Every structure is written in structure tokens, then in C-alpha cells.
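1. Got a sequence here, can you model it:
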Amino acid sequence: YSDSDLQSMKDVIDYAMDSDKTEKAFYVTGVNCTPGFARDQMINTKKLFKKEDGILAFHGYQAFKPDEVTPEVAHEIGIKLAEKLWGDRFEIVVTTHLDKKHIHNHFVLNSVSFVDGLKFNDCNESYHRMRKVSDDICKEYGLSVIEKPHKALSRMQYLAEKNGEMTKYTNVKRDIQESM
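-> Numbers count the residues shown, from 1 in each chain. Below is the predicted model:
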């Protein structure tokens, strides 16, 4: 990895662990790693298994409805989610941010397993599993979940619309807005 790659990984972990967002790092937990040394531990795992290319880490999040959960409960749920999904094979930094109306968790997941050196397979199946496990845990705590999630824009479509470019949905959206 280049110095720029390593700095980017550090930046993501630092953002997730930002003390202003995590109550002075009170809501920061490492699963299979020590948060302050997480990047180095993750890089060492990659070196051990000679997997020093490709994606460095994955950054995910889990948001809660405003005023529905305390920081303590949100963080507990985040740790449970990380442990159930990845805790038997990967190093993960779990943080809880309190800087928005909605409390939310961040997950920084090493792309390489410390157990067998296999890379995490980020695909639609892993996304749907994460959503289901998250929903199941939230239901255990009596929290609301999104029953019919809308399909998010693809990154290409989002960037095109952000830059004012036409997409296949632009005319449809305009027509709906005009009719409303």
C-alpha cells in the first residue's frame, strides 16, 4: 500500500473515533483489536497473509430513529452487530456518534480475516445479511426498523444528479414535482 492508502485508512478510523462525536472516545470499542492501534493491527494482518493489495477496509454505519435510543444502548447494539457479523474472523472498530439528531454507529472492518487470511466478500448478500441481523437486534430492544426500505441511488446516478447531469430518472422526478 502507498503512504496515501495508509493515510486514508488512518483518516477513516480517526473519523469514526472522533472524540467530539463519540463523547471523548467513550463510545469507541475494538472487536479483536485495540482502537488506538487498529490500523497497525489491520495492516499486520494483511502482511501476515500477504494480502497487501486491494481494499484496505470497509466502512459501514447503522442509524437509529431520533430520540429512540440512548448512546449506551446504541453502542451495545453496534458491538453485538459487529460480533455477530464479523467477530469470529475480522478486526473491527465500532464507534457511536452523538453529533446528529439521530445517534448512529460506525464500523471500520479490516478487509482481511485474522483467522484465515481470506478477504471479506462485500456483496449484495452481505449487505442484506447485515440489514437483517441489525433489524433482528433492534427488534430485540423494541426499536423501530425500516419495514420497506427504498432502493438507494447508485453511486454513478447520485454523482450525475449532484453534478446536474441528466439521468434516466431526471425527467420522471421533474414531472412528479411539477404535478405535485
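2. contacts and neighbour counts: CA atoms only from here.
-> Noted.
3. Doesn't residue 13 belong to a helix?
-> Yes - assigned with DSSP: H, G, I helix; E, B strand; the rest coil, residue 13 falls within a helix.
4. quick one: the helices in the chain?
-> 3-16, 38-48, 71-86, 124-140, 155-162, 170-179 (DSSP state H).
5. Alpha carbons of the longest one, as CSV, please.
-> Coordinates of each C-alpha in helix 124-140 appear next as CSV, following Å, rounded to 0.1, in the frame of the first residue of the first chain:
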residue,chain,number,x,y,z
ASN,A,124,-25.5,-7.8,-2.0
GLU,A,125,-25.8,-10.9,0.2
SER,A,126,-23.5,-9.5,2.9
TYR,A,127,-25.4,-6.2,2.8
HIS,A,128,-28.8,-8.0,3.2
ARG,A,129,-27.4,-10.1,6.0
MET,A,130,-26.1,-7.0,7.8
ARG,A,131,-29.5,-5.4,7.4
LYS,A,132,-31.4,-8.5,8.7
VAL,A,133,-29.1,-9.0,11.7
SER,A,134,-29.3,-5.3,12.5
ASP,A,135,-33.1,-5.4,12.3
ASP,A,136,-33.3,-8.5,14.4
ILE,A,137,-31.1,-7.0,17.2
CYS,A,138,-33.1,-3.7,17.1
LYS,A,139,-36.4,-5.6,17.4
GLU,A,140,-35.0,-7.4,20.5
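6. Which elements pack onto that helix?
-> helix 71-86 (3 or more CA pairs under 8 Å, 6 or more residues apart in numbering; DSSP states H and E).
7. Dump the helices of the chain into JSON lines; add distance to residue 111 as well.
-> JSON lines is the format used below for the helices of the chain (distance: least, CA to CA, whole Å):
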{"stretch": "helix 3-16", "distance to residue 111": "11"}
{"stretch": "helix 38-48", "distance to residue 111": "8"}
{"stretch": "helix 71-86", "distance to residue 111": "11"}
{"stretch": "helix 124-140", "distance to residue 111": "13"}
{"stretch": "helix 155-162", "distance to residue 111": "21"}
{"stretch": "helix 170-179", "distance to residue 111": "36"}
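8. Flag the helix or strand of this protein with the lowest per-element mean pLDDT.
-> helix 170-179 (a mean of 74; mean pLDDT, DSSP states H and E).
9. now what about that one, what contacts it?
-> residue 161 (CA atoms under 8 Å, 6 or more residues apart in numbering).
10. quick one, it and helix 155-162 angle?
-> Counting by axes from the mean of the first three to the mean of the last three CA atoms, to 10 degrees, helix 170-179 lies at 50 degrees to helix 155-162.
11. mind listing what's buried in helix 170-179?
-> Under the neighbour-count criterion of 16 or more other CA atoms under 10 Å, helix 170-179 has nothing buried.
12. Report the distance from that helix to the chain centre.
-> 32 Å (CA atoms, centre = their mean, to the nearest Å).
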